[in-house]
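*Asks:* Give the three-dimensional model of this entry:
(2 chains)
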Amino acid sequence: MIDWGAIFSNAAVELISPTTAAYALAALGLAIHFGYTGLLNFGQAGFMALGAYGYAISTLSFGFPVWAAVLVGIGASVIFALVLGIPTLRLRADYLAIVTIAAAEIVRLLFTTNTFEPITGSANGLSGYKGGFAALNPIPDGTYGFGPFEYNAYDWWLRIVAWTIVILACLFTWQIMRSPWGRVIKGIREDEDAVRALGKNVYFYKMQSLILGGVFGTIAGMIFVLPRAVVPSNYQTSLTFFVYAILLLGGAATILGPVIGSMVFWVLLSFFSGFIARAVEAGWIPFLTSIQAGQLRFILVGVAIMLIVIYRPQGIFGNKKELAFVK
Amino acid sequence: MSSNSVPTGKPVKTVDMHIGEAVPGCKKKDPILVVDDVSRTFGGLKAVDVEHLEIPRGAITALIGPNGAGKTTLFNLLTGFDKPDTGSWTFEGTPIGGMAAFKVARMGQVRTFQLTKALGLLTVMDNMLLGAKAQVGENLFRAILPFLWRQQEADNKVKALDLLTRFKLDTKKDDYAASLSGGQRKLLEMARALMSDPTLVMLDEPMAGVNPALTQSLLDHILNLKAEGMSVLFVEHDMHMVRHIADWVIVMAEGKVVAEGDPHEVMRNQAVIDAYLGQHHDEDLGEDPDAEKEHVGAIKELLDDEL
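*Replies:* As a prediction, this is how the structure comes out:
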């Protein structure tokens, strides 16, 4: 009656999809901000938007090669982090939250407004920027893989690049967090005045953390748009909240947490959406139309995340010991 | 104020540090910190208004005064945690007025806090290592290359373990600092400050909230700082402790320095008694006889209790 095989294989596809990789990388950036430094960045969607538009605009409007387009995106997010950080990092943490959430919306609205339509494509967004990335593909044409993981050469190329970046970012983050630099960063999370009293330039460290996590978000934004088009409505505040959900799911101050959290999130989302759509078709849920059913998956994912946060508040990889001392 | 919280051995006092009369703002023979015309107002309240103040080198100086006298505000100003409205001060001859807190700390003037700031979710060892100065691996780019900082890290660990052993915290080195008791956190904060080899240690109420069993060991540690050649400036309310370990006492009231001197002399100073009890403390106002009795008891204890 219900095609369970299709539901499961569609869910399994999400395990290594570029979108999962993009969310994992964005969540890793937030782990640096929130989990390690204690910076409440609610504007990760803004960093992702800058990556997506930075890449697409410099490719389409200026004909930049891939590496230059990537650098433009990263440069834009560094400037964005400086603009956010210079006025707010000296203040209490909650000010950063307010400023980042507003700044991310400003970025999205600037990309949506009709004024810059020739460059940004306004609400329709941008497409047709993938040529340069596809041209770098060393994999010969054809279809590869097995079971649900069967893709053409471009899709494999994209997955390989995306996950390589995620793995490198994880290794990088792991290395810096166990270094003296990471110790200062974690100290700032605990009490920045104490760290200041020990002769560390707290403001400078917070700025480095904001830039680093933001750049991760920006690269995530680029990976995010390579399998699809750039659409401004993708960068609403809810994107930031999904990334936060992934982070808390996996464990806030962990390296693997964001990656596994992203996989769990997307597999669950795909599973629920497949299951509900087919259950409605089969008449199991008579009071729902298929359009309503499309929204129900977010409710179910929300419930699943709530259960995890209630019964495993440290996340999948978090250290249980830390919880004993939460104020 | 039970006498069992007071250490038994009599510490060696440093004497004869000032030039001329022991009056507020008097010159010291070898000052480490010299403060001039520092003021700080909060709204209409002048919290600190110090004309001139010198802190002697190689001695333990206590900063006392009733609640609201401006002691902690002066502390915050001197360590760069607050900005003064006016004034300047020099540390070892270098002007540091208005300098950022982290730069002040790097110069060798470290502080602790009244409300202990142990970094709870870091291990005791990580707390200690954070105190070490000039760490190569604290630069983001060098942090990626462990061979650049591994040796320095190992050296710092040896030093940290040595300090932890002295403070009897070595068995706790892998525990989260959050699992320590209040007194142990005070010890950890002091040990952590020592990781940077400071020349002036500023302790904000080191005894506040410490179990009497740990008081003795804390006092000994403070005396050790002096024995190792460091200068100490501390804020304290416990008069027994002040008298016991301080070489010099500075009394503040309403933002001003009202008296300075040897701990035994200064407690007899009329300005000090007035500051603590009010100028009319011996006149019967007939309002609260119990409180009055308590105050008189307290001051008698201060005057009579010779150790």
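
*Asks:* least trustworthy helix or strand in the chain by mean pLDDT?
*Replies:* Answering for chain A, as no chain was given. Ranked by mean pLDDT, DSSP states H and E, the helix or strand of chain A with the weakest confidence is helix A:320-323, at a mean of 66.

*Asks:* Next: chain B.
*Replies:* helix B:289-304 (a mean of 64).

*Asks:* Could you find the closest non-adjacent residue to A:I211?
*Replies:* Leaving out its chain neighbours, the residue that sits closest to A:I211 by CB to CB, 6 or more residues apart in numbering or on different chains is A:A81, at 4.4 Å. Where C-beta positions appear, they are placed from N, C-alpha and C, glycine not excepted.

*Asks:* give the contact list for the one you found.
*Replies:* A:47, A:207, A:210-211, A:214-215 (CB atoms under 8 Å, 6 or more residues apart in numbering or on different chains).

*Asks:* Could you find the residue in the stretch 1-150 of chain A that comes nearest to chain B?
*Replies:* Nearest to chain B in the stretch 1-150 of chain A, going by CB to the nearest CB, is A:G38, at a distance of 10.3 Å.

*Asks:* Name the nearest residue to that residue, sequence neighbours excluded.
*Replies:* A:R189 (3.5 Å).

*Asks:* Please settle this for me: is that neighbour part of a strand?
*Replies:* No - A:R189 sits outside any strand when classified using DSSP: H, G, I helix; E, B strand; the rest coil, being helix.

*Asks:* burial measure for it, as a count.
*Replies:* Residues lying near A:R189 (other CB atoms under 10 Å in any protein chain shown) number 22.

*Asks:* show me what contacts it?
*Replies:* A:R189 neighbours (CB under 8 Å, 6+ apart): A:36-38, A:253, B:121.

*Asks:* Quick check: phi and psi at B:G68.
*Replies:* Dihedral pair for B:G68: phi 80, psi 10, per degrees, to the nearest 10.

*Asks:* B:Q109 now?
*Replies:* When read as degrees, to the nearest 10, the backbone of B:Q109 gives phi -110, psi 100.

*Asks:* Also A:T115?
*Replies:* phi -50, psi -40.

*Asks:* Tally up the residues packed near it, please.
*Replies:* For A:T115, the neighbour count with other CB under 10 Å is 10.

*Asks:* Do you know the pLDDT at it?
*Replies:* According to the prediction, A:T115 has pLDDT 89.

*Asks:* can you check A:R189 too?
*Replies:* pLDDT, the model's per-residue confidence, is 91 for A:R189.

*Asks:* Run through chain A and note the low-pLDDT ranges.
*Replies:* For chain A, residues meeting the criterion pLDDT under 70 lie at A:1, A:320-327.

*Asks:* could you pull out the strands for the stretch 51-200 of chain A?
*Replies:* A:143-146, A:149-152 (DSSP state E, counting those that start in this stretch).

*Asks:* Mean neighbour count, the ones you listed: which tops it?
*Replies:* Most buried of these, by mean neighbour count (mean count of other CB atoms under 10 Å in any protein chain shown): strand A:149-152, with a mean of 14.

*Asks:* Direction included, what does it pair up with?
*Replies:* Strand A:149-152 pairs in its sheet with strand A:143-146 (antiparallel), by DSSP bridges.

*Asks:* contacting residues for B:L187?
*Replies:* Contacts for B:L187 (CB under 8 Å, 6+ apart) come out as B:167-169, B:214, B:217-218, B:221.

*Asks:* Any of these buried? List them.
*Replies:* With neighbours counted by 16 or more other CB atoms under 10 Å in any protein chain shown, these contain buried members at B:167, B:169, B:214, B:218, B:221.

*Asks:* my guess is the first one meets B:H221, correct?
*Replies:* What it means is B:F167. Yes - at 6.8 Å, B:F167 and B:H221 qualify as touching, with contact defined as CB atoms under 8 Å.

*Asks:* Please identify every residue contacting each of these two.
*Replies:* Shared contacts of B:F167 and B:H221 (CB under 8 Å, 6+ apart): B:187, B:190.

*Asks:* which residues does A:V225 contact?
*Replies:* Contact analysis of A:V225 by CB under 8 Å, 6+ apart lists A:52, A:55-56, A:129.

*Asks:* Out of those, flag the one nearest to A:Q292.
*Replies:* Looking at these and their distance to A:Q292, the nearest is A:A52, at 30.1 Å (CB to CB).

*Asks:* where does residue 252 land in three-state SS?
*Replies:* I went with chain A, as the question did not name one. Relying on three-state DSSP, one would call A:A252 coil.

*Asks:* My question was about chain B, not that one.
*Replies:* strand.

*Asks:* Assess the claim that it and B:E260 are in contact.
*Replies:* No - counting by CB under 8 Å, B:M252 does not reach B:E260; the two are 10.1 Å apart.

*Asks:* Show me what counts as buried in stretch B:138-155.
*Replies:* Residues of stretch B:138-155 classed as buried: B:138-140, B:142-143, B:149, B:153 (neighbour count, 16+ other CB under 10 Å).

*Asks:* so which of those residues comes closest to chain A?
*Replies:* Of those, the one sitting nearest to chain A (CB to the nearest CB) turns out to be B:A143, at 3.6 Å.

*Asks:* Tell me who's in contact with that closest one.
*Replies:* B:A143 is in contact with A:175-176, A:179-182, B:137, B:149, counting by CB under 8 Å, 6+ apart.

*Asks:* Quick one: residues contacting A:E281.
*Replies:* Contact partners of A:E281, counting by CB under 8 Å, 6+ apart, are A:S290.

*Asks:* measure it to A:A6 for me?
*Replies:* 12 Å (CB to CB, to the nearest Å).

*Asks:* and what of B:G261?
*Replies:* Separation of B:G261 from A:A6 (CB to CB) stands at 88 Å.

*Asks:* These two: which has the busier surroundings?
*Replies:* Using other CB under 10 Å as the criterion, B:G261 and A:A6 rank with B:G261 on top: 21 against 12.

*Asks:* That one bridge partners, please.
*Replies:* According to DSSP bridges, the partner residues bridging B:G261 are B:V249.

*Asks:* so what's it up against?
*Replies:* B:G261 makes contact with B:22, B:248-249, B:269, according to CB under 8 Å, 6+ apart.

*Asks:* at 10 Å what do you get?
*Replies:* Residues near B:G261 by CB atoms under 10 Å, 6 or more residues apart in numbering or on different chains: B:18, B:21-24, B:26, B:248-251, B:267-269, B:272.

*Asks:* Can you flag the buried ones in those residues?
*Replies:* Here, 16+ other CB under 10 Å leaves B:18, B:22, B:24, B:26, B:248-251, B:267, B:269, B:272 buried among the contacts of B:G261.

*Asks:* Now flag whichever of those residues is closest to A:I101.
*Replies:* Closest approach to A:I101 among those (CB to CB): B:I250, at 48.1 Å.

*Asks:* quick one, what contacts that closest one?
*Replies:* B:I250 makes contact with B:24-25, B:50, B:53-55, B:61-65, B:71, B:74, B:233, B:235, B:257-261, B:266, according to CB under 10 Å, 6+ apart.

*Asks:* That one and chain A: what is the separation?
*Replies:* As judged by CB to the nearest CB, to the nearest Å, B:I250 and chain A stand 22 Å apart.
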